[in-house]
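>>> Could you look at this predicted model? Sequence included:
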Amino acid sequence: PTAGFQRWSEAVGLDDGPYFCLSASGLPMSAPRGAWDGAVGDLVRAIQSLGVRPVLLARDPHCQFLEEVARRVGGVYFGPEHEFRELWSLFRGAAFSVTGHFHYIIFGAMVGCPFVPMTNNNHKVSGACELLQWHRTEPFDATWLKHGQAEIVAEARRILNERVELSRSLIERSNRLRSDVAKLGERIAEIARRAKGERAPATVGPS
């Protein structure tokens, strides 16, 4: 972790117990209103009942209402003042994430962070679930949290119970995909060289 992340982590007591991350792609319509914590706040409180502390990720402008959610539920706020690379350390230590952010799912998978997928405004999340061979390929509806809350909490409970196995599976799958992409890149480069009539670089073997 970066020095900045380490200082922040110690200041908010991130290591005091298990935590989960939640980001807000597709969730602003469920933000707090007046005295009501909103469907997002209700969902966070329900997941908290599993014994995990919430960390609300709000790097994007449309996610900033999560600062208010964090204040209301007693959670931790991870805002735009943080560096993007700090996400790696955050996800590495999390029990799981609840998110509709495509890149958060990818980053989390690379460090073994299981996830509860939420809808966004395209099909990228479903595609990521399929690529990662995740057990759930149909994201939960982020626009109807009240209806899906019980099922989301049940999914979070399942992940907690199977966290070690799921984390290992994500890391293995991510490594496999990374290797496949590297091989594909080499193949494309070879095809491009042949199209230009170039020879592949000479390989120097052991003496």
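Thanks, I have it. Numbers count the residues shown, from 1 in each chain.

>>> Spit out the contact partners of H147.
Taking C-beta atoms under 8 Å, 6 or more residues apart in numbering, we find H147 in contact with D141. Heads up, the C-betas are built off the backbone N, CA and C, glycines and all.

>>> Help me confirm that C63 comes into contact with A31.
No - the criterion here is C-beta atoms under 8 Å, and C63 misses it with A31 at 9.9 Å.

>>> Mind checking which of these two has more residues around it?
C63 (23 against 19; other C-beta atoms under 10 Å).

>>> Roughly how far does the closest residue to R59 other than its chain neighbours sit from D60?
Among residues not flanking R59 along the chain, P80 sits closest, at 5.1 Å (C-beta to C-beta, 6 or more residues apart in numbering). Shown here: P80 relative to D60, a distance of 8 Å by C-beta to C-beta, to the nearest Å.

>>> now do H101
When H101 is compared with D60 (using C-beta to C-beta), they lie 8 Å apart.

>>> can you list the weak-confidence ranges in the protein?
Along the chain, segments meeting pLDDT under 70 span 25-29, 180-182, 184, 198-207.

>>> in it, which spans are helices?
Taking DSSP state H as the criterion, the chain contains helices spanning 3-12, 38-48, 66-73, 86-93, 102-110, 124-131, 145-161, 163-195.

>>> Would you format those helices as TSV with distance to A24 included?
Below are the helices of the chain laid out as TSV (distance: least, C-beta to C-beta, whole Å):
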stretch	distance to A24
helix 3-12	19
helix 38-48	7
helix 66-73	5
helix 86-93	15
helix 102-110	11
helix 124-131	14
helix 145-161	11
helix 163-195	22
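
>>> To L56, which of those helices lies closest?
helix 66-73 (4.0 Å; C-beta to C-beta).

>>> Are there helices or strands packed against that closest one, and which ones?
Judged by 3 or more C-beta pairs under 8 Å, 6 or more residues apart in numbering; DSSP states H and E, helix 66-73 is in contact with helix 38-48, strand 53-57, strand 76-78.

>>> Of these, which is nearest E130?
Among the helices and strands packed on helix 66-73, strand 53-57 sits nearest to E130 (C-beta to C-beta), with 23.6 Å.

>>> Run through the neighbouring helices and strands of that closest one.
strand 19-23, helix 38-48, helix 66-73, strand 76-78, helix 86-93.

>>> Adjacent strands (with direction) for that strand?
According to DSSP bridges, strand 53-57 forms sheet pairs with strand 19-23 (parallel), strand 76-78 (parallel).
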